[in-house]
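J.: Below are the sequence and a predicted model; questions follow.
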Amino acid sequence: MSKPKTRTLKALRALVAKEVPYVDIKPYSHNIIGIVLMEIAGRFGKPEANKAITDFSLTKLGWRKV
């Protein structure tokens, strides 16, 4: 059995950027962003997750910094 591939910070941020325009339009975009932010926080630290929230204006969409 092979190991699951880990995504880079750049790839995780790209995934957030891809889903932001679809929040409240596509059914799971909000969930995907939340999961990706948790992964960023867990692997790269809370400051990096907070930076993503700021960079993608996620506070306007309901997320808050920790």
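T.: That came through fine. Residues are numbered from 1 along each chain as shown.

J.: need the helices for the protein, in chain order.
T.: 9-19, 29-44, 46-55 (DSSP state H).

J.: List the buried residues of the longest one.
T.: For helix 29-44, the neighbour count (16 or more other CB atoms under 10 Å) marks S29, H30, I32, I33, V36, L37, E39, I40, A41, F44 as buried. Where C-beta positions appear, they are placed from N, C-alpha and C, glycine not excepted.

J.: Now do the contacts for the second one.
T.: Under the criterion of CB atoms under 8 Å, 6 or more residues apart in numbering, the contact partners of H30 comprise V23, D24, L61, G62.

J.: what residues are up against the second one?
T.: So that's D24. H30, L61.

J.: mind checking how far it is from I35?
T.: 17 Å (CB to CB, to the nearest Å).

J.: likewise the first one?
T.: With distances defined as CB to CB, the gap from V23 to I35 amounts to 13 Å.

J.: hey, what's in contact with both of these two?
T.: With CB under 8 Å, 6+ apart, V23 and I35 have no common neighbours.
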